[in-house]
Structures are given as C-alpha cells and as structure tokens.
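> When you get a sec, could you give me coordinates for this:
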Amino acid sequence: MRPRTIVPSAAAASLVLAALTAAPVGAAPAGGLRAAAEPPPLEDLVTGDAVMDRLQDFQDIADANGGNRAMQTPGYEASAVYVEDTLRAAGYEPERQYFTFDDLVVDELSLTAAGVEVTSDVYPAEYAPDTPDDGVTGPIVQPADDLVQGCTADAWDGVAVEGAVALISRGTCPFADKALYAAQAGAAAVILYNNADGALNPTLGAESDEWVPTVGITQAAGQAILDAIAGGADAVATYDLQTHVEEFETFNVIAQTPGGRDHNVVMVGAHLDGVEDGPGINDNGSGSAAILEVAVQLAAATDGGQDVENAVRFAWWGAEEVGLRGSTHYVADLVENDPAALDDIATYLNFDMVGSPNYIIGVYDANESTYPAPVEVPPGSAETEAVFTDYFDGIDQAWVDTEFSGRSDYQAFIENGIPASGLFTGADGSKTAEEVALFGGTEGIFYDPNYHSPADTIDNVDATALDIMSRAIGHAVASLSVDTFAINGVGNPRVDGIVAESRCLAGTAYVAVRATNGEDEAVALRLVTPFGQRAFGQVAPDANAYQSFNARSSSLDAGTVSVVARLAGGGENHSQTYDAAYEAIDCG
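Residues are numbered from 1 along each chain as shown. This next block holds a predicted model:
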C-alpha cells in the first residue's frame, strides 16, 4: 500500500503537525487522521464498451431463449451460467442460493371498453388487486388535464369518477400517482394506455390498500377505445382479473473476493431477472453487466481478489421483478440464521437500470438533500452516497438526486439497518427541462420509454450513460474495498496526532516523533526515521508512542519520518504507513 504523505504547515517554524481533516459525522472523533491506501483504479479499468459487450451477451441469451430472461425460464438459467462462468474465470467461486416463494398466477384476464375487446398486450399492474369474481364494469371517464395523464388530484375535479373506470394516458408522473389519484377520486378501476408504441407493463411500486384494479394497454388499444367513444359507442368498460397463488423456486448468484476483512463486507447487487415480455437489457441487464465487469476488473487488479482490505461480495438477485424476492430472501435468511453475518455488511450498493436511453445520472438521495425519504435511512447511507457524489464532482460530471425510496433490492437491507446507496438512470418518470440542460435528451418523455416492454433491447441502451455509471460503480467498489471508515468507522489502523519535530539539544540536531493510537484496541507502532527506528509492540488506545532520534550532526536537512501501524483484527493483520515531514534545522 502507498504511504500517506503529510504536508508540513507553513506556519510552523520547527514543529510540523500532520495535516488533519475532520472525521465524517457518525464515524471517528474529530481530528482523526485516516489511512489512505491506494484503491485500484477501477474507474479507468471498467469501461462502458466492456459492459456493452456483456450486454450483447445477455441480448444473445435472450434471443436464443424465447426473447426473455425472466425467472424460471431458460433465459434466466443461461444468464446465471454466463455470470458464473465469467466469475470462475476471474478467480471467484460463485454459489447459488435457492429459495421458494408464493406468487400470483393469472386465471382470468379480459378487458372490453367501448365495445373494443383488447386481446393482446394486456398487463395487470404489479401490486394492483384482482377484480371481484364478475369483474368491474363502469362508465369510462378521463382526467380533466390537457394531457389526460391524471398526475394531480385536481385533475379529477368536476369529473364523475365514483364507480367509473378511469382511462389515463401514460406520461409525466409514475403509474402509482395516476392510480392513486383516480382511486381517491372514486374510480372502481384504472386503465393505463401507453403514449408511445409498444406494450405497457405498469408497476405501482408496492402493495397498498388504496389501489384499485389497474391494467396497462398499448397506445393503439387506448386510441381505439377513444375512437370508438368518439364514434358514438357506449362508453362503458369491463375489466376482469382473477388470480391464484402458486409456489415458485429460483435462485440468487453470490460471489465474494477471497481476500479482505470478512467482518466488514462491502456488498454490491443488481437483479439478474427481467420481465417476461422482453430481453430486459436495461432493466436490468445493465446493472448486472456493470457489476460483473467490476468484479472481473477488481480481481484482475488485486491478485484475484486477495489484495483488498475489505471483502467485496457481489450478488445477482433472482425474482426482483415479482417483488424483490431474491434480495428479501437473502437478508431474511441472515436475520434468522446468521445475524452476525448481517452485521458484518458495512454497506450495500444497488444498481438497477444504469443505461436508460433518455438518461439522468441519478444517485440515491440518502442525505435527503432533495427528496424527503419515505423510509427510514440507516446511518452511514449518506456517507455511502457521498462516495458517488464526490466522484462525480471530482470529474465535473453533473448528477441529480433520485428518491431514496427503498423500491429496489436495497429495501431489505435498509429495513434491517444496513447503510445503502446506488445509481439510477431512470425508468418511467419524465425528463424535466432542467435535466435536459444537464444531460441532454428529450423533455417530457420517459427516461426509459422501453421500460418493461419488448423494446428493452441493446439497441435502446445509451452508451454514454452506461460508461459514466459503470466507471462510477468501479470507483465506489474500489474505494470501499480499501476503506469504509466514513461509513462505519472501520478501516486501516487509525493513528491520531502524528508530530515530527526538528530541534536542537546541546548543539546537536534531533528529530522527535510522536504518534497516538486512535483505535479502540492495542496497536503495534513503529517510528522510522533516517537516523534509526523504534518499535512499540502494544500501544494502548489513546496512548502515545514517542522517541527522539539523534541526527549525530549539528544540522539536518528537511526530511520525512514514517509511522507504521499494525492492527490484528478478525484474525487478520492490517497495516498502514503514515508519512510526516520535518523541517531543516541548524544548531551550530
């Protein structure tokens, strides 16, 4: 590891103190000097081109397996084998974690509106309830806003919504907002139609008692209904959805670096599965491919993952698209069977959609600087977010906050107190003028118009967004593999108050060195100068190691001393070298 150099203060004539920075909130006491081992340069080694090549592999897998990579399909199995083979070639030993869960199976699904029978591309919204046994029938109504998108409560002012079926266009706001405002106004069901070519497979984000039966249809089907009404057809709709619960089995893929602290694990995840209706290349081949390339490059740069300070654990989650099942199972299993291992996770990084065609560079807003979080944000999450935002600021890359909502695979982690953050290029929200100014693209359309559709292919992944995000993921993983001190106070041995002082005694020059153990346990310290060295075997917490070294001369030139700290923790030795400068002195 590269030693940390401490620059002398210009204000000091003969006393040179180590340059100190304030410790992050919730981490070390203020004034603590942190070790700074050099992380591998993954922001240079992980490229968008390499990740795009991996996305092509996922596209080829989908093309060869019925057009998708959904749970319990040959495409998912082939995707997992591809990930596992790549990891083994890089030196990892991936494992599958199988699990079962109950999910809904559709028994009856039909929609007729204004005499138009919609027979294809009819998708019940995720988390929306079934209809009664005989379906829902009611008059068709639309919101009063100009775009008939129903994104505010007052869009339903003056509309006879009670008991009606709301017909709403996609656009401007999330599906959940549209369904919620319609339901609160009294709608018995909601039909969402696309505002672009292709199928519409909506999600309401989470379960809620406020939802009413909600279904997505194509733009063409929506327009056919509107044309029929305009032509005098009876504006009545009937929607019927009946489902039953069935048990499913699938698996996660997990791999960890062989080296590093296994009691301070940096966890990195992306869901591997897609929806049934397309290859799922942005959602979420992009996140899966990005962390796969990061894993490969991390291993290549650290002797097969041996030379990392903190273990890095990669996860490709199964069954995310049917309710975050894989990540939820993983955390629940630790809670029940190995809570100490859950506590060993320093932080969790989540990557779900990092190549959207109308992208933003979004960072989960863990410090709530833009969006109040609708969930409890665990301590250390803001510091995890800062790993990304500091990187972007350092390269002059614009970024924006995205809500720390818990609506992806970090949900189970934060619910159990594990810090988290992540990156996101956008899904079904609409791009603002301000975001266009920052990132380009098109105002007023979705960040990913192909979200949850057959058009989510490699042809609709933005190469620039993928490159920016992949490099950022590499940077974050590399940085945290070295040090998570800002997040949880765990890092290389901490040394406080390093002092290197050049002084005179009876016409002879000396260098006096002092260092204070900043750890909560004994640390071995070695003071190394050009004039000799001294080892201190077990320096107690907050105790000093001090030695004055005789230069055997009446003068000395400016130079550097080193303080080598070594800590035994978790059965492993961790060391760090700190350098401090002393000034020239003439005692003649």
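> mind listing the helices for the stretch 51-200 of the chain?
For the stretch 51-200 of the chain, applying DSSP state H, counting those that start in this stretch gives helices covering 74-90, 175-185.
> just checking, residue 311 is part of a strand?
Yes: under DSSP: H, G, I helix; E, B strand; the rest coil, residue 311 falls within a strand.
> what's the closest non-adjacent residue to it?
residue 260 (3.6 Å; Cβ to Cβ, 6 or more residues apart in numbering). Bear in mind the C-beta positions are built from the backbone N, C-alpha and C, glycine included.
> Contact partners for the one you found?
Residues in contact with residue 260, defined by Cβ atoms under 8 Å, 6 or more residues apart in numbering, are 305, 308, 309, 310, 311, 312, 481.
> Could you list the low-pLDDT ranges of the chain?
Low-confidence segments of the chain (pLDDT under 70): 1-37, 491-492, 568-574.
> Got the domain ranges for it?
4-37+492-586, 42-92+257-483, 105-242 (automatic domain parsing).
> Return the set of buried residues in the helix or strand containing residue 340.
Taking DSSP states H and E as the criterion, residue 340 maps to helix 339-343. Under the neighbour-count criterion of 16 or more other Cβ atoms under 10 Å, helix 339-343 has residue 342 buried.
> Could you name the helices and strands sitting against that helix?
helix 325-337 (3 or more Cβ pairs under 8 Å, 6 or more residues apart in numbering; DSSP states H and E).
> Any idea which of the domains of the chain gets closest to residue 99?
Counting by Cβ to Cβ, residue 99 lies closest to domain 42-92+257-483 out of the domains of the chain; the figure is 4.1 Å.
> The strand or helix carrying residue 215 pairs with which strands?
Using DSSP H and E, residue 215 falls within strand 214-217. Applying DSSP bridges to the sheet, strand 214-217 is found paired with strand 123-124 (antiparallel), strand 189-193 (parallel).
> Tell me which of the ones you listed is the most buried.
Mean neighbour count (mean count of other Cβ atoms under 10 Å) peaks for strand 189-193 among the strands paired with strand 214-217, with a mean of 27.
> Which single one of the contacts of residue 260 is nearest to residue 186?
Closest to residue 186, out of all of these and judged by Cβ to Cβ, is residue 312, at 51.3 Å.
> how far away is that closest one from residue 382?
21 Å (Cβ to Cβ, to the nearest Å).
> ok, back up a step: could you redo the helices of the stretch 51-200 of the chain as CSV and give each row distance to residue 227 and mean neighbour count?
Shown next, in CSV, are these (distance: least, Cβ to Cβ, whole Å; neighbours: other Cβ atoms under 10 Å):
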stretch, distance to residue 227, mean neighbour count
helix 74-90, 37, 18
helix 175-185, 22, 23
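> what's the closest of the ones you listed to residue 194?
Per Cβ to Cβ, nearest to residue 194 of the helices of the stretch 51-200 of the chain: helix 175-185, 11.2 Å.
> helices and strands around that closest one, which ones?
Checking 3+ Cβ pairs under 8 Å, 6+ apart, helix 175-185 ends up next to strand 165-169, strand 189-193, strand 214-217.
> Mind putting those into a markdown table with distance to residue 126?
Shown next, in a markdown table, are those (distance: least, Cβ to Cβ, whole Å):
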| stretch | distance to residue 126 |
| --- | --- |
| strand 165-169 | 17 |
| strand 189-193 | 12 |
| strand 214-217 | 9 |
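> among those, which is nearest residue 45?
Going by Cβ to Cβ, the one of these nearest residue 45 is strand 214-217, 40.7 Å.
> Let me know the next secondary structure element after the closest one.
helix 219-230.
> Could you tell me which residues within the following helix or strand past that following helix count as buried?
On the C-terminal side of helix 219-230, the closest following helix or strand by DSSP H and E is strand 236-256. For strand 236-256, burial by neighbour count (16+ other Cβ under 10 Å) applies to 236-241, 243, 248, 250-256.
> between those residues, which is closest to residue 524?
residue 256 (28.4 Å).
> What's the local residue count around the residue nearest to that closest one when sequence neighbours are not counted?
What sits nearest to residue 256 in space, not counting adjacent residues and going by Cβ to Cβ, 6+ apart, is residue 313, at 4.3 Å. For residue 313, the neighbour count with other Cβ atoms under 10 Å is 20.
> try residue 233
As a measure of burial, residue 233 has 15 neighbours, counting by other Cβ under 10 Å.
> how far away is it from residue 227?
Taking Cβ to Cβ, one finds residue 233 at 9 Å from residue 227.
> these two touch, right, residue 102 and residue 243?
No: in this structure, residue 102 is not within contact of residue 243 by Cβ atoms under 8 Å, at 11.5 Å.
> Can you classify residue 286 as helix, strand or coil?
Of the three states, residue 286 takes helix under three-state DSSP.
> residue contacts, the nearest residue in space to it that is not next to it in sequence?
Counting by Cβ to Cβ, 6+ apart, residue 286 lies nearest to residue 355, which is 3.9 Å off, once chain neighbours are set aside. If a contact means Cβ under 8 Å, 6+ apart, then residue 355 has 55, 281, 282, 286, 425, 461, 462, 463, 465, 466, 469 as its contacts.
> Can you list phi and psi of the residue lying closest to residue 555 once chain neighbours are set aside for me?
Once flanking residues are discounted, residue 555 sits nearest to residue 586: 4.3 Å by Cβ to Cβ, 6+ apart. The phi/psi pair for residue 586 (degrees, to the nearest 10) reads phi -130, psi 120.
> now swap in residue 209 and tell me
Dihedral angles (degrees, to the nearest 10) for residue 209: phi -70, psi -10.
> Now do the strands in the stretch 351-500 of the chain.
For the stretch 351-500 of the chain, strands defined by DSSP state E, counting those that start in this stretch occupy the ranges 362-364, 400-402, 420-424, 495-505.
> in its sheet, what does the second one sit against?
Which is strand 400-402. strand 362-364 (parallel).
> How much space separates residue 237 from residue 299?
56 Å.
> Then residue 386?
26 Å.
> neighbour count winner among the two?
Between residue 386 and residue 299, counted using other Cβ under 10 Å, residue 299 has the larger neighbour count: 23 against 18.
> Check for me that residue 524 belongs to a strand.
Yes: judged by three-state DSSP, residue 524 forms part of a strand.
> My read is that it contacts residue 566, right?
Yes: Residue 524 is within contact range of residue 566, at 4.4 Å (criterion: Cβ under 8 Å).
> residue boundaries of the helices in the stretch 301-450 of the chain?
325-337, 339-343, 381-394, 411-415, 433-439.
> Out of the ones you listed, which gets nearest to residue 293?
Of the helices of the stretch 301-450 of the chain, the one closest to residue 293 (Cβ to Cβ) turns out to be helix 381-394, at 17.1 Å.
> angle of the closest one against strand 420-424?
If you take axes from the mean of the first three to the mean of the last three Cα atoms, to 10 degrees, helix 381-394 sits at 40 degrees to strand 420-424.
> Buried residues in helix 381-394, which are they?
For helix 381-394, by 16+ other Cβ under 10 Å, it's 381, 382, 383, 384, 385, 386, 387, 388, 389, 391, 392.
> Compile those residues into a markdown table and extend it with columns for distance to residue 135.
As requested, these are exported to a markdown table (distance: Cβ to Cβ, whole Å):
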| residue | distance to residue 135 |
| --- | --- |
| 381 | 44 |
| 382 | 48 |
| 383 | 51 |
| 384 | 47 |
| 385 | 46 |
| 386 | 51 |
| 387 | 50 |
| 388 | 47 |
| 389 | 49 |
| 391 | 52 |
| 392 | 50 |
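> Alright, that wraps it up for me.
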